[in-house]
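Undergrad: kindly return the folded structure for what I paste below:
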Amino acid sequence: MYAVAYTDVAQLALIIVGLFMAIPNIMTSEYVDTELMLKGIMNETSNAWSGPEWLGEIKPVDAPRWVDNFIMLIFGGLPWQAYFQRVLSANSANNARIQSVCAGLACMFMAIPSIFIGAAAKATDWDTIFAIEANKTGRPPMKILDNVLHCDGVRSDGYCPFSIVPITFKFLCYPIIAYFGLGAVSASVMSSADSSLLSISTLLTLNVFVPIQEALGFREDPKWTPRVLKIFICIVGVIATTMAVKLKSVYKLFHMSGDIVYALLFPQLTAAMYMPTYVNWFGSTMAFITGVLLRFLSGEPFLGIDAVIEWPGFITADDSPTGEHKQMFMFRTVSMIIVFVVLLVSSQAFEFVQRKRGKVVRNGHNEWQKNIVKSELTDSYGSSDSNTEAFIESSAKMLPDKR
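TA: This is a model prediction of the structure:
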């Protein structure tokens with residue numbers, strides 16, 4: 001845990017130093033036309049500048065998809081173990097709130113170098129750069145692919161636009177600065193990778209291995225649990241490496257992961273935090289099944305899944321310029337709302353039926369009170385040494401304030 005914390009600090013420092021150090025070097029490169037980057041092309045007829053070419057536009061027909069993606073990336077980024085791992089490790093709830101807000105502001109701040117790098121790359125004379133490089137190496141000149149509607153990775157005739165950042169560091173920066181810049185790119189990836197590996201391995205150990213061990217009548221072994229955690233880290237690492245090699249775009253993989261989390265887990269997280277007495281295990285199960293069906297029946301081109309549900313404005317693969325179908329409707333947000341409704345309605349319906357049968361429903365609020373383990377109230381094996389009332393009282397302090 002200390003290794004992850006300290007490496008995160010080192011990686012964050014490398015990202016900040018590497019990216020901001022590269023900006024002056026890139027902007028002053030002889031191959032970057034700063035006038036073209038800031039003003040665009042001069043129209044000789046009207047004597048007016050065309051405007052920066054790196055600025056695009058959102059067409060009205062694409063507006064719902066953009067809004068849907070924005071909402072999904074915001075709220076779909078909350079129910080992640082890597083995030084809550086840091087929030088729950090804070091020494092107070094106030095510090096967790098401050099860290100969360102500061103992290104959001106820091107993300108916007110760290111987007112500034114990427115904007116400058118992309119804008120400079122758009123105004124760079126790549127033909128000259130690649131011709132010079134070809135003369136040095138004796139290989140045919142490369143090129144940046146312009147107006148690429150669909151990219152499946154590095155192509156034989158050039159580079160995909162997704163790799164523009166490392167290319168910019170390599171050809172527009174001094175070698176020492178390029179090393180720092182490429183280190184920043186690597187650090188940004190590794191910072192998420194190590195957190196994800198530790199998070200999923202911890203979940204598998206505590207939510208799968210330990211419960212099975214206890215169900216078989218064995219107490220948690222303080223020697224074997226860390227070993228199992230390390231084994232899961234190796235297994236997950238192999239799976240992650242295989243996905244990284246096989247899949248073409250890391251960004252699309254991240255986007256798809258946030259998409260799935262948004263539809264399946266965000267409604268359940270919100271209900272568990274703010275309305276735990278209104279939901280139960282049955283409603284959660286029905287909501288999860290509904291979310292899986294809605295999301296994957298809507299199709300996912302990245303995974304090669306065709307759309308069964310065609311939402312309003314649906315564009316088939318034959319009519320799409322990218323060769324992939326497009327859902328132009330805000331189907332992600334609508335699916336999330338449907339999952340939320342199913343969660344509440346099915347939970348209340350199940351509770352109504354159970355009460356008619358004279359049985360008590362296990363809802364999230366009671367389960368939370370029973371299962372929260374306060375460190376000062378537990379021994380090394382996680383069992384409470386204090387009386388039940390004191391344990392529930394201490395656990396209740398960790399629940400959301402209902403005032």
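
Undergrad: any regions of the protein where pLDDT drops low?
TA: Residues of the chain that meet the criterion pLDDT under 70 lie in 1, 4, 42-47, 50, 82, 140-163, 191-192, 248-250, 360-403.

Undergrad: can you pull out the strands in it?
TA: 42-43, 48-49 (DSSP state E).

Undergrad: partner strands of the last one, parallel or antiparallel?
TA: If I follow you right, that is strand 48-49. strand 42-43 (antiparallel) (DSSP bridges).

Undergrad: what is the neighbour count of residue 173?
TA: Each residue near residue 173 was counted by other C-beta atoms under 10 Å, and the total is 21. (Each C-beta comes from the backbone N, C-alpha and C, glycine too.)

Undergrad: dump the residue contacts of it.
TA: 22, 25, 26, 29, 181 (C-beta atoms under 8 Å, 6 or more residues apart in numbering).

Undergrad: can you do 7 Å?
TA: Applying C-beta atoms under 7 Å, 6 or more residues apart in numbering, we find residue 173 in contact with 22, 25, 26, 181.

Undergrad: now, among these, which is nearest to residue 343?
TA: Closest to residue 343 out of these is residue 181 (45.3 Å), distances taken as C-beta to C-beta.

Undergrad: show me what counts as buried in stretch 79-91.
TA: Using 16 or more other C-beta atoms under 10 Å as the test for burial, stretch 79-91 gives 79, 80, 82, 85, 86.

Undergrad: brain fart, stretch 21-33
TA: Of the residues in stretch 21-33, 21, 22, 23, 25, 26, 29, 31, 32 count as buried by neighbour count, 16+ other C-beta under 10 Å.

Undergrad: end to end on it, go ahead and measure it.
TA: Stretch 21-33 stretches 20 Å from its first residue to its last (C-alpha to C-alpha, to the nearest Å).

Undergrad: from the chain's centroid, how far away is that stretch?
TA: 30 Å (C-alpha atoms, centre = their mean, to the nearest Å).

Undergrad: which residues sit against that stretch?
TA: Stretch 21-33 is contacted from outside by 34, 113, 116-117, 120, 123-125, 128-129, 168-169, 172-174, 177, 180-181, using C-beta under 7 Å, 6+ apart.

Undergrad: go again using 8 Å as the cut-off
TA: 34, 113, 116-117, 120, 123-126, 128-129, 168-169, 171-174, 177-178, 180-181, 184.

Undergrad: and stretch 275-286, how far out from the chain's middle?
TA: 25 Å.

Undergrad: what does stretch 64-73 give?
TA: 14 Å.

Undergrad: kindly report the same for stretch 14-34.
TA: Using C-alpha atoms, centre = their mean, the offset of stretch 14-34 from its chain centre is 27 Å.

Undergrad: measure residue 347 to residue 276 for me?
TA: According to C-beta to C-beta, to the nearest Å, residue 347 stands 10 Å off from residue 276.

Undergrad: mind listing what's buried in stretch 104-113?
TA: Applying 16+ other C-beta under 10 Å to stretch 104-113 flags 110, 113 as buried.
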